[in-house]
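1. Got a predicted model here, sequence first, then my questions.
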Amino acid sequence: MEGQALKKILRVIGNEEKDSIRKEVAKEILKQTNCIQFFGNLLQYEGRGLKVNCMINSHAFFDKYYNEIEALRQLYEAENGEPVPIE
């Protein structure tokens, strides 16, 4: 996917009316210098040890999206038969 096409999709998500984790994350990714590199790094490191320039206040984010995070955790555990690995 070309960088401009990816940015267009992220902008559509970032402009969604309802607040959600996906909207918040899309807006943060758009702040990155290179969106494609961001996803490449994410795939390469699977999120482990990956340092991302991100201005999300983690406590406020968790409080705001607690129910959505909890639903995703429960879905993961139901589909994988084990707790979410925490490192």
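-> Yes, it's here.

2. Tell me who's in contact with residue 65.
-> Contact analysis of residue 65 by CB atoms under 8 Å, 6 or more residues apart in numbering lists 20, 21, 24. Placement of C-beta: from N, CA and C, glycine included.

3. Near the closest residue to residue 26 other than its chain neighbours, how many other residues are there?
-> Of all residues beyond its chain neighbours, the one nearest residue 26 is residue 13 (3.9 Å), with distances taken as CB to CB, 6 or more residues apart in numbering. Other residues lying near residue 13 total 17 when counted by other CB atoms under 10 Å.

4. so what pLDDT did residue 13 get?
-> Here the pLDDT value assigned to residue 13 is 96.

5. check contacts around it.
-> Contact criterion CB under 8 Å, 6+ apart gives 22, 23, 26 as the residues in contact with residue 13.

6. pretty sure the second one is touching residue 16, no?
-> Yes: applying CB atoms under 8 Å as the test, residue 23 and residue 16 come out as touching, 5.0 Å apart.

7. Now the residue nearest to residue 26. Its backbone dihedrals?
-> With angles defined as degrees, to the nearest 10, residue 13 sits at phi -60, psi -40.
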